[in-house]
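A.B. asks: mind folding the following:
(one chain, ligands or ions: 2)
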Amino acid sequence: MTSYDHEHKIKTMFSAEQIAERVDTLAREIVADEKENILVVVILKGSFVFAADLIRALERHGASAQVDFVTLSSYGMGTESSGMVRLTHDLSEDVAGRIVLLVDDILESGRTIAFAVETMQERRAASVKTCLLLDKPTQRKVEIEADYVGFTIDPEFVVGYGLDLAKRYRGLPYIGIVQSD
Ligand code: IMP
Ligand code: MG
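C.D. replies: Ligands and ions are numbered 1, 2, ... in the order given. Next up, the predicted model:
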C-alpha cells in the first residue's frame, strides 16, 4: 500500500499485524531468558510505541517489568546521523544491581546503543541486554550486535510506529519506507 496523503510517499514495509506478531514473539524470547525484576529502559523518542507494545507483551508472557526512560539524541532534522550521541534526559531510576533491558527503535551505526550499554555498565547494572525493533546491519560503524531484534532490514530510511522523519510520521501504525523520487 502506498499512501499519497503525506508530503512524502510512504510504502508499507511491515504492517501493524506483522509488527504485533513479531513483538509478541520477541517478548516470548525475552521472557524465556529472564522473567524476574526486568527494568526496561526505553530510549526515547523513537522507541516509545514499540516499548508500549513490548511491555504489554512481556506482561502477557509472565514478566512484570518496570519501565524507565532516557532520551538520547544523535540525529538532527535530516536523515543523516551527526555521529555524536548526547543524553538529553536522564533516567529517574538507579540502575545499580538491576537487570536492564535497553529498548530502542533502530540499530544503525551502533553508536546510540553502544553509548546506552556503556552508560548502564558504568552505573553498575547487574546485567544489560538490548532489544531493537529494527536492525540495519550493513550500516554499522561500531562493533555491536543486539540481543533481540525485531526485523533486519536494508539501509532504507523508514518511518512510522514511533519512527520519525524530521519529527513527523511517528503515529503511523505501520513501518514504511520513505520513497525517494
Ligand atoms: P545509530 O546510533 O546510528 O545506531 O542510530 C540509531 C538511531 O538513529 C535510531 O535510534 C533512530 O533514532 C535513528 N535512525 C536510524 N535510522 C533511522 C530510520 O530509518 N528512520 C528513523 N530514524 C532512524
Ligand atoms: Mg533513537
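
A.B. asks: which helix runs longest in this protein?
C.D. replies: In the chain, ranked by residue count with DSSP state H as the criterion, the top helix is helix 16-33.

A.B. asks: near ligand 1 at all, stretch 140-156?
C.D. replies: No: Stretch 140-156 lies out of reach of ligand 1 by Cβ under 6 Å from any ligand atom, never closer than 6.8 Å. Any C-beta I mention is one placed from the backbone N, CA and C, and that applies to glycine too.

A.B. asks: keeping just the C-alphas, turn that stretch into PDB.
C.D. replies: What follows is stretch 140-156, C-alpha atoms only, in PDB (Å, rounded to 0.1, in the frame of the first residue of the first chain):
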ATOM      1  CA  ARG A 140      27.400  -0.400  11.400                       C
ATOM      2  CA  LYS A 141      30.300   1.900  12.500                       C
ATOM      3  CA  VAL A 142      30.700   0.400  15.900                       C
ATOM      4  CA  GLU A 143      31.100  -3.300  16.600                       C
ATOM      5  CA  ILE A 144      27.900  -4.200  18.400                       C
ATOM      6  CA  GLU A 145      25.000  -6.700  18.000                       C
ATOM      7  CA  ALA A 146      21.600  -6.600  19.700                       C
ATOM      8  CA  ASP A 147      20.400  -9.500  21.900                       C
ATOM      9  CA  TYR A 148      16.900  -9.300  20.500                       C
ATOM     10  CA  VAL A 149      16.000  -8.000  17.000                       C
ATOM     11  CA  GLY A 150      12.500  -7.500  15.600                       C
ATOM     12  CA  PHE A 151      13.300  -7.200  11.900                       C
ATOM     13  CA  THR A 152      16.600  -7.000   9.900                       C
ATOM     14  CA  ILE A 153      16.200  -4.500   7.000                       C
ATOM     15  CA  ASP A 154      18.200  -3.000   4.100                       C
ATOM     16  CA  PRO A 155      19.600   0.500   4.700                       C
ATOM     17  CA  GLU A 156      16.500   2.400   3.700                       C
END
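
A.B. asks: now find how far off-centre it is within its chain.
C.D. replies: 11 Å (Cα atoms, centre = their mean, to the nearest Å).

A.B. asks: also stretch 23-32?
C.D. replies: Averaged C-alpha coordinates place stretch 23-32 at 15 Å from its chain's average position (Cα atoms, centre = their mean).

A.B. asks: buried stuff in that stretch?
C.D. replies: 23, 26, 27, 30, 31 (16 or more other Cβ atoms under 10 Å).

A.B. asks: looking at it, the first one is touching residue 151, isn't it?
C.D. replies: No: in this structure residue 23 lies outside contact range of residue 151 using Cβ atoms under 8 Å: 10.4 Å.
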